[in-house]
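Student: Here is a sequence together with a model predicted from it:
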2 protein chains.
Amino acid sequence: MSGTPGPGPADEAAPRRDLAAMVVPLGRALVAAEEPVLRAHQVSMWGYVVLNALAEQPVRTPSIRAPSIRAPSIRTQAALALAIGADKSRIIGVLDELQQRGLIERRPDPADRRVHLLALTEAGRRLRESVREAIQRHEEERVLAALPEADRAAFIRALRILSELPPEDISG
Amino acid sequence: MSGTPGPGPADEAAPRRDLAAMVVPLGRALVAAEEPVLRAHQVSMWGYVVLNALAEQPVRTPSIRAPSIRAPSIRTQAALALAIGADKSRIIGVLDELQQRGLIERRPDPADRRVHLLALTEAGRRLRESVREAIQRHEEERVLAALPEADRAAFIRALRILSELPPEDISG
DNA sequence: TATTGTTATACTCTATAACTATA
DNA sequence: TATAGTTATAGAGTATAACAATA
């Protein structure tokens, strides 16, 4: 059956570890790599996640949505919590600190006085950019550099696709 | 500067999210996907990790090691804990249960009566294979299937390389 | 009645420290 | 003294439930 008896079996599936067994430890290492940068900028991991979520505010095509349907904007705390996969009660301390440092604004919504509208301040946007730049430079130099040149683009492409998949598509 | 004003900037670096921001949620989803399989086989996540570590026991080239130097074999509990990135105190309950179910053996080392030598039983090996097969089938069908055919091999190749990198290479 | 932000509480992991038996 | 395994304790992180204000 096997064409070449040389090194590397041809028709036997090369055994690989489970994706989770590779992805999870890698994630831990990547988080550890971010920590010094975050400390240097005095932001917590969750703080940085929040800054990113507010900055990345996806431009959803408004054409699809009827005006009567309330857009689930990320600008409310509940929507933010949902977007970053955290409980709404868990981000409050984070928001408190970001606000205290002038990195975000929390303004009452005149239309619905229960909600707080969130927005990045200019300082918040700048800080997020600095952190992001430092982190991604490190990633290029220390992580992606370890990959064969030819695989880098495909890796990032695949990662983007999989990370944008609805979690329930993956969990089954 | 930009050659084509069409869709997709040519010389502006396509902004990507931080690797950690993509990898960590993906890891969470992959773990969630494993859970039903693990439950069906009545193993905990850590139990499965242990079974894998014992089964994957890397065949280290013995030629390099002088006989006088004690090989840090994975068969002791301490070595196992190190290998899977857990504290030695944390795996004890896991080992207890695996042993009780006849999936592993814990035998005193005659040469050093402090240590317990760990080994998979035949039942343990079989169970691990079943779980692994189910998990990887699911991964192929639900996860990797979402990737462009041409990127799959590169993705797995890259993942293997990065996950085998010493964590301190990544953290800096 | 349902929802937003908030606070308080409980629970799950995980890390640390102590203990024993060997070396 | 140091180490392997074990146990007990404490801490961090997270989830759940209750609350006031508003819809």
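Tutor: Structure received.
Student: Report the mean confidence score over stretch A:55-67.
Tutor: Throughout stretch A:55-67, pLDDT has a mean value of 53.
Student: same check, this time on stretch A:104-123
Tutor: Mean predicted lDDT for stretch A:104-123 stands at 96.
Student: How about stretch A:131-141?
Tutor: In this model, stretch A:131-141 has an average pLDDT of 97.
Student: Now find how far off-centre that stretch is within its chain.
Tutor: Centroid displacement of stretch A:131-141 relative to its chain, using CA atoms, centre = their mean, to the nearest Å, is 14 Å.
Student: again, but for stretch A:92-106
Tutor: Worked out by CA atoms, centre = their mean, stretch A:92-106 lies 19 Å from the chain centre.
Student: what ranges do the helices span in chain A?
Tutor: Counting by DSSP state H, one finds helices in chain A at the ranges A:19-40, A:45-56, A:77-83, A:92-100, A:122-138, A:149-164, A:167-171.
Student: is the first one anywhere near DNA strand D?
Tutor: What it means is helix A:19-40. No - using CB under 7 Å from any atom of the strand, helix A:19-40 never reaches DNA strand D; the gap is at least 10.4 Å. Using the backbone N, CA and C atoms, a C-beta is placed for each residue, glycine as well.
Student: A:L144 is in contact with A:R152, isn't it?
Tutor: Yes - A:L144 is within contact range of A:R152, at 5.5 Å (criterion: CB atoms under 8 Å).
Student: number of nearby residues for the nearest residue to A:V31 once chain neighbours are set aside?
Tutor: Among residues not flanking A:V31 along the chain, B:A20 sits closest, at 5.2 Å (CB to CB, 6 or more residues apart in numbering or on different chains). When neighbours are defined as other CB atoms under 10 Å in any protein chain shown, B:A20 has 23 of them.
Student: And A:R113, by the same measure?
Tutor: 8.
Student: Next up, the contacts around it.
Tutor: Shown in contact with A:R113 (CB atoms under 8 Å, 6 or more residues apart in numbering or on different chains): no residues.
Student: you'd agree A:V23 is up against B:M22?
Tutor: No - the criterion here is CB under 8 Å, and A:V23 misses it with B:M22 at 9.9 Å.
Student: between those two, which one's more packed in?
Tutor: A:V23 (26 against 22).
Student: Next, the contact list for that one, please.
Tutor: B:V23, B:L26, B:G27, B:L30, B:L159, B:S163.
Student: let's see 10 Å
Tutor: A:V23 makes contact with A:17, A:159, A:162, B:22-31, B:159, B:162-163, according to CB atoms under 10 Å, 6 or more residues apart in numbering or on different chains.
Student: again with A:L162
Tutor: A:19, A:23, A:169-170, B:22-23, B:25-26, B:29-30, B:143-144, B:146-147, B:155.
Student: Out of those residues, who's the most crowded?
Tutor: A:L19 (28 neighbours).
Student: Do you know the pLDDT at A:M1?
Tutor: 42.
Student: Then A:L127?
Tutor: In this model, A:L127 carries a pLDDT of 98.
Student: which residue ends up closest to the midpoint of chain A in space?
Tutor: A:V49 (6.7 Å; CA atoms, centre = their mean).
Student: so that residue touches A:L95, yeah?
Tutor: No - applying CB atoms under 10 Å, one finds A:V49 not in contact with A:L95, separated by 11.6 Å.
Student: between these two, what contacts are shared?
Tutor: Joint contacts of A:V49 and A:L95 (CB under 10 Å, 6+ apart) are A:L80.
Student: Pick the one among the contacts of A:V23 closest to DNA strand C.
Tutor: Nearest to DNA strand C among the contacts of A:V23: B:V31, at 10.4 Å, using CB to the nearest atom of the strand.
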